[in-house]
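> Let's see this in three dimensions:
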Amino acid sequence: MNDYAFQQVGVGLRAPHLDLFTQFPQPQVGWLEIHSENFFIPHSPARQTLNTIATSFPISCHGIGLSLGSADPINIQHLAQLKALVDDIQPIAISDHLSWSSVNGQYFNDLLPVPYTDEALAVVCRKIQQVQDTLGRQLLLENPSSYLSFRQSTMTEWDFLSQVQRTTGCGLLLDLNNIYVSSFNHGFDCQTYLDAIDPAAVKEIHLAGFIVRQLEENEIWIDTHSRPVSEPVWQLYRDWVGRHGPVPTLIEWDLDIPPLPELLAEAEKARQILRSIQPETSHHVRQQA
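Numbering: from 1, shown residues only. The predicted structure follows:
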C-alpha cells in the first residue's frame, strides 16, 4: 500500500492476535511491534510463527529486560539472545526503556524508575553504548511512566533523557501516554517536557491508555495499556506531529486486549491525524532507525 500514513502506524503483536497475522486475507496494518523476550527461543512455536509473520509485515523489537538503569552489568546471555533475534528478524527498530529491573542478578517483574543523577547517567550511557556496539544498530530509548521520584535527583527526566541521547547517539521512543500520566503524578507540564526533546532524535511514538486509581486522599494515574488512547494524549500527538511531522507510531494495548478490529480502529485514528498534516511539514518526515 502506498498510503504513507498507513505505513507509519503499527500495533503491538500480542498473543491473542498472533495467529490472525498468518491468515489470509491478512489484517491491514503498517507494521507490528513484538516484546523481544517472548521470542528469544529460536525453534519455539512462537518464533516459528513470528518468522512467518515477518515475511509479510515489518517488525519492531521492543524489549523490557535490558535493565539499562541498573548498577548490574548487562546480562550477556540476554544481549546475545537479543542479537540472535535481531539478526534473524532484521527489525525496523530496536527499543528498550529508561528503567531498571535487576539488582545483584535478581529480576523484578516491573520497570522501575531511575534516579536522575550524574552517576546514573554514566551507567545508562555506558550500557546503551555496549548494547549498540553489540547489535551494530541504534537503540531507541523509551521515556518511562513513574509513580515516585528520588530526592537524590539533580536533573529533570527530560534533561536526563536528552543528555543520554546526545551522549550515546541513541534514538528516542517518545511515549506520549507516559508523559501525560507522569505529568499528573509528579505535577509537571507536558509541554515543558516536550519542548526539551530534540524532534530529530524521536524515531517512534507510542500511544496507549491508562487507568485512574483512587487512594485515600488523592488519586494516581497508572500506565496500564488497557484502555483506548485518551483524548488528551491524542491532542499531544496532534500537536507533536503537527509541529514536527509524521513519526512511526504504535498503538500499545497489553492488558484487557480487545478484538483485533477494535485495536485496528485505534490505529486508524492515528492515520487520520497523520493524513491531516499539511504538505509543508513533509520534509520533517523521519524513518525508523
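> how about Thr22, what does it touch?
Thr49, Thr52, Ile53 (CB atoms under 8 Å, 6 or more residues apart in numbering). Using the backbone N, CA and C atoms, a C-beta is placed for each residue, glycine as well.
> Let me know whether Glu142 touches Asp175 as I believe.
Yes - using CB atoms under 8 Å, Glu142 is in contact with Asp175, at 5.5 Å.
> For these two, list the residues in contact with both.
By CB under 8 Å, 6+ apart, the residues touching both Glu142 and Asp175 are His206.
> beta partners for Arg213?
When bridges are called by DSSP bridges, Arg213 pairs up with Ile220.
> give me the number of residues near it?
11 (other CB atoms under 10 Å).
> which residues touch Trp240?
Leu174, Leu176, Leu194, Ile205, Val247 are the contacts of Trp240 under CB under 8 Å, 6+ apart.
> that older thread, out of the contacts of Thr22, who's the most crowded?
Counting neighbours by other CB under 10 Å, Ile53 comes out on top of the contacts of Thr22 with 20 neighbours.
> Among the contacts of Thr22, name the ones in helices.
Among the contacts of Thr22, the ones falling in helices (DSSP state H) are Thr49, Thr52, Ile53.
> Look up the closest residue to the second one, ignoring the ones flanking it.
Translated: Thr52. Thr22 (5.3 Å; CB to CB, 6 or more residues apart in numbering).
> How much space separates the one you found from Thr49?
6 Å (CB to CB, to the nearest Å).
> Over to Glu219?
In this view, Glu219 and Thr49 are 40 Å apart by CB to CB.
> do the same with Leu176
Distance of Leu176 to Thr49, given as CB to CB: 30 Å.
> so who does Leu50 touch?
Shown in contact with Leu50 (CB under 8 Å, 6+ apart): Leu13, Ile34, Phe39, Ile59, Ile89.
> Please apply the same query to Met155.
Met155 neighbours (CB under 8 Å, 6+ apart): Tyr116, Thr117, Gln163.
> and if you look at Glu219?
Contacts of Glu219 by CB under 8 Å, 6+ apart are Val212, Arg213.
> go on, Gln138?
Ile94, Gln132, Gly169, Cys170, Gly171, Lys203, Ala289.
> next one: Ile41
So, once contact is read as CB under 8 Å, 6+ apart, Ile41 ends up touching Arg47.
> does it count as helix, strand or coil?
Recorded secondary structure, Ile41: coil (DSSP: H, G, I helix; E, B strand; the rest coil).
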